[in-house]
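Trainee: Fold the following, please.
(one chain, ligands or ions: 1)
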Amino acid sequence: MNQQNLSDTLVLFNRLFVPVSKRKTEERSGVTFGNDSDRKYCCIYCNTVITDELLSVEIAGSHRHFKTNPKGNQFSIRCFHAAPGCLGSGLVTAEFTWFTGYRWQIAICASCGEQLGWRFEGDSSFYCLIADCLRECGDEKGGL
Ligand SMILES: [Zn+2]
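Mentor: Take a look at the predicted model:
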């Protein structure tokens, strides 16, 4: 991608970005799993619990996003304040970020090591997990 394309991409991201409310971030900080949630989400590969509904968060005005990476692959992703079953892995970079002001790295299942999405960090941090890589725990079908 040349410099002009990158610049256009960043302008687009700037238009889409709405900061996460600070209050919401503070309320959710330090949370692990929400104990009273019966909607937990598991890794589709190994069934380890990754996160749950109570940890979901809106980023840029929406919990769910449809994003395309520089290779043209499209992803339906869901945003979570935390994903205790996930680990950030590898290089942290701002290049091609989907959310202005946030750097990202790959997020993998802490149990089986498969990529489940991405971890973003800036003023706050959050996970964008690929809907097709999660299932509601106990549900036979994959995808959220
Ligand atoms: Zn797994």
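
Trainee: Quick one: name whatever helix or strand follows the helix or strand where residue 106 lies.
Mentor: Secondary structure from DSSP states H and E places residue 106 in strand 103-109. Sequence-wise, the next helix or strand downstream of strand 103-109 (DSSP H and E) is strand 115-121.

Trainee: and for the strand holding residue 106, what are the contacting residues?
Mentor: For strand 103-109, the surrounding residues in contact (CB atoms under 8 Å, 6 or more residues apart in numbering) are 43, 45-46, 48, 50, 83, 85-94, 97-98, 114-122, 127-129. For the C-beta atoms, the positions are set from N, CA and C on the backbone; glycine is no exception.

Trainee: at 10 Å instead, please
Mentor: Strand 103-109 is contacted from outside by 42-48, 50, 80, 83, 85-98, 114-122, 125, 127-130, 133-134, using CB atoms under 10 Å, 6 or more residues apart in numbering.

Trainee: Would that strand count as contacting the ion?
Mentor: Yes. Counting by CB under 5 Å from the ion, the ion is contacted by strand 103-109 at residue 109.

Trainee: what does this protein put close to the ion?
Mentor: So far as CB under 5 Å from the ion goes, the chain lies against the ion at 43, 45-46, 48, 109, 111-112.

Trainee: Within the sheet, what are the partner strands of the strand holding residue 106, with directions?
Mentor: strand 86-93 (antiparallel), strand 115-121 (antiparallel) (DSSP bridges).

Trainee: Rounded mean pLDDT for it, please.
Mentor: What strand 103-109 shows for mean pLDDT is 98.

Trainee: And for stretch 79-88?
Mentor: The model assigns stretch 79-88 a mean pLDDT of 96.

Trainee: which strand residues sit across from the closest residue to residue 92 other than its chain neighbours in the sheet?
Mentor: Nearest residue to residue 92, sequence neighbours excluded (CB to CB, 6 or more residues apart in numbering): residue 105, at 4.5 Å. As for beta bridges, residue 105 partners with residue 119 under DSSP bridges.

Trainee: and residue 105, how many neighbours does it have?
Mentor: Neighbour count for residue 105, taken as other CB atoms under 10 Å: 16.

Trainee: same question, the one 5 residues further on
Mentor: Residue crowding around residue 110 was assessed by other CB under 10 Å; the count is 17.
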